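Participant: how would this look folded up:
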Amino acid sequence: MSRQRSSRRRFLQSLAGSAAAGGLAVYWPADRAVAADPSKAKNDRPHLALIGAGGRGTHVAKWAAQFAEIVAVCDVDRKNAERAKAQLGDKADLYGNYQKLLQRKDVEGVINGTPDHWHTAINIAACKAGKDVYAEKPLTLTIDEGKLLRQAVRDSGQVFQVGTQQRSEKPFQTACELVRNGRIGRLKQVYVLLPFWNTKGGPFPAQPVPEGLDWDMYQGQAPLRDYCPERTHFNYRWWFEYAGGIVCDWGQHHMDIAHWGMDVEKSGPLEIEAKADFPNGGKADCYNNPDRFVARLKYPNDVDLTYLVVRDAKYLKSMSDGDIPAAADAQLFAGLPEELKTEQRNGIMFIGDAGRVMVNRGGVFGKAAEELAENPLPDNAVRLGQSDDHMRNFIECMKTRAKPVTDVDIAHRVITACHLSNIAIRLERPIRWDSQAEVIVGDEEASGWLRREQRSPYGIGSSG
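Facilitator: Numbering: from 1, shown residues only. Just a heads-up that it's a prediction; the model follows:
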């Protein structure tokens, strides 16, 4: 999200107009209090290292630099590392191998901004090296990796914050408090609505590996492939070898808030069915994650969750450009409520038997939110606002050794729901999940998708 007030104000004004047009009231709490000045004392500022210096990793490191010293930058792409170092003040030491960086005794914590398929190996190695971790989402590449990582965090006792920063934003806290305190009655339905990213593209021709890029290490546990620039940087998300696509990328953000509001942070779905459209039809050397999907998940207490990519402005433009065939679109949205066929906003909508509330990065919408100023929650209400700055929460927990607001247990359960949706998509059939034992029930083939074959010598292991 942009930190520029003017841009944010324009964005909120535009959302207010769309909310009014949609018949939902909008409520924004007053801007949060200005954070206390970041610590200037050297002994109050922990030493952090950035591993994975792409656009997101560098952005997060700049945020962390308000509270900590960034003393090292590591990336398998030398240009990435040099660019990040320059943007961070040109003082950090550069590394091409994270294992060497983790040997530094003065590094107290790491920011992991690598592609998804490298998250778990680096996060586990950091914990074993005695480093606290701020881990970008999605948490893992597979459910099995999540079990391994969770155990590593527990065994090491390291502080582990996952970068689902919406938990530290007041609108999301407010929406979940309204739901958890019964302001929309008994919860019956949840919509988790993701933005659209067009991934029609390819086949992409092989190209020479750029100077300064360790292509073998970049691929890590993934199968060996010829280099092409579309496999790197932002677009790695659209390759199943490296990531779970939009299902996991934005999914970890919005599904996290859904779980928070539903109060299922220690469990998960019971049944999952899903369908998707693969824009490149499985052709070789093309993006191979779906860009549009619809999943239905059954949760405890008879709560149904519908999870999909909405027909936002980018989606509709892709339809008009011919990238999304009308027949495929109609088939994907068949059987959904009419309101979901016309909804353009991404976010999370909670529907109860006495009302509804929607939340996204623009605010909280709905009657329950509109009435909150005149009818505040009582003193004994469930309260969820433990943090108003996700990075500062991490740094404070490094000092106090408390659990951060998005710890590994919470994030693992969230990404599990996303991974299960991807498994149901790939198998084209429903699956059942035992959230206590964390196993797929009665489907040996589906159970095989809980892990992936890993290329030597980059394998992480198995939880058994």
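Participant: now the helices for the stretch 351-464 of the chain?
Facilitator: 367-370, 390-400, 408-427, 444-447 (DSSP state H, counting those that start in this stretch).
Participant: hang on, isn't residue 214 packed against residue 96?
Facilitator: Yes. Contact criterion CB atoms under 8 Å: residue 214 and residue 96 qualify, at 6.2 Å. The C-beta positions use only the backbone N, C-alpha and C, and glycine is treated the same way.
Participant: mutual contacts of those two, please.
Facilitator: residue 76 (CB atoms under 8 Å, 6 or more residues apart in numbering).
Participant: for residue 309, phi and psi?
Facilitator: Backbone geometry at residue 309, expressed as degrees, to the nearest 10, gives phi -90, psi 130.
Participant: output the below-cut-off pLDDT ranges for this structure.
Facilitator: 1-43, 461-464 (pLDDT under 70).
Participant: mind giving me the domain split of it?
Facilitator: According to automatic domain parsing, the chain comprises the domains 33-165, 167-372+410-450.
Participant: which residues of the stretch 251-400 of the chain fall in strands?
Facilitator: 271-277, 292-299, 303-309, 347-352, 355-360, 363-365 (DSSP state E, counting those that start in this stretch).
Participant: quick one on the thing from earlier: closest one to residue 251 among the helices of the stretch 351-464 of the chain?
Facilitator: The stretch from the helices of the stretch 351-464 of the chain with the least distance to residue 251 (CB to CB) is helix 408-427; that distance is 4.2 Å.
Participant: buried stuff in that closest one?
Facilitator: 408-425 (16 or more other CB atoms under 10 Å).
Participant: out of the helices of the stretch 351-464 of the chain, flag the one nearest residue 169.
Facilitator: helix 390-400 (8.3 Å).
Participant: still on that earlier bit, reformat the helices of the stretch 351-464 of the chain as CSV; add distance to residue 435.
Facilitator: Formatted as CSV, the helices of the stretch 351-464 of the chain follow (distance: least, CB to CB, whole Å):
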stretch, distance to residue 435
helix 367-370, 28
helix 390-400, 26
helix 408-427, 8
helix 444-447, 15
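Participant: that older thread, quick one: closest of the domains of the chain to residue 396.
Facilitator: Nearest to residue 396, of the domains of the chain and by CB to CB, is domain 33-165 at 8.6 Å.
Participant: you'd agree residue 74 is up against residue 82?
Facilitator: No. Residue 74 is beyond contact range of residue 82, at 11.8 Å (criterion: CB under 8 Å).
Participant: more neighbours: which of these two?
Facilitator: Shown here are residue 74 and residue 82; by other CB atoms under 10 Å, residue 74 has more neighbours (29 against 16).
Participant: what's the nearest residue to the more buried one if we skip its chain neighbours?
Facilitator: Nearest in space to residue 74, with sequence neighbours left out and distances taken as CB to CB, 6 or more residues apart in numbering, is residue 95 at 4.0 Å.
Participant: give me phi/psi at that neighbour?
Facilitator: According to degrees, to the nearest 10, residue 95 has phi -140, psi 150.
Participant: offset the numbering so it begins at 29, please.
Facilitator: Noted, 29 is the first residue going forward, which turns the last one into residue 123.
Participant: for it, give me its contacts.
Facilitator: Contacts of residue 123 by CB under 8 Å, 6+ apart are 100, 101, 102, 109, 129.
Participant: give the buried residues for the host helix or strand of the fourth one.
Facilitator: Put plainly, it is residue 109. In the assignment (DSSP states H and E), residue 109 maps to helix 106-115. Buried residues in helix 106-115, counting neighbours by 16+ other CB under 10 Å, are found at 106, 108, 109, 110, 111, 112, 113.
Participant: wait, which of these is closest to residue 229?
Facilitator: residue 108 (22.2 Å).
Participant: what's the residue lying closest to that closest one once chain neighbours are set aside in contact with, if anything?
Facilitator: Spatial nearest neighbour of residue 108, chain neighbours left out: residue 81 (4.6 Å); criterion: CB to CB, 6+ apart. Counting by CB under 8 Å, 6+ apart, residue 81 touches 89, 101, 102, 103, 105, 108, 109, 111, 112, 113, 141.
Participant: next up, the contacts around the nearest residue to residue 317 once chain neighbours are set aside.
Facilitator: Leaving aside its chain neighbours, residue 317 sits nearest to residue 273 (3.0 Å; criterion: CB to CB, 6+ apart). By CB under 8 Å, 6+ apart, the residues touching residue 273 are 227, 265, 266, 317, 318, 319, 450.
Participant: ok, so of those, who is nearest residue 376?
Facilitator: Using CB to CB, these come closest to residue 376 at residue 450, 19.3 Å.
Participant: how about that closest one, what does it touch?
Facilitator: Residue 450 touches 272, 273, 275, 276, 302, counting by CB under 8 Å, 6+ apart.
Participant: closest one of those to residue 293?
Facilitator: Looking across those and measuring by CB to CB, the closest to residue 293 is residue 276, at 17.9 Å.
Participant: show me what contacts that closest one?
Facilitator: 144, 166, 443, 446, 447, 450.
Participant: JSON lines for those, including distance to residue 207?
Facilitator: Converted to JSON lines, those look like this (distance: CB to CB, whole Å):
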{"residue": "144", "distance to residue 207": "29"}
{"residue": "166", "distance to residue 207": "24"}
{"residue": "443", "distance to residue 207": "21"}
{"residue": "446", "distance to residue 207": "20"}
{"residue": "447", "distance to residue 207": "24"}
{"residue": "450", "distance to residue 207": "26"}
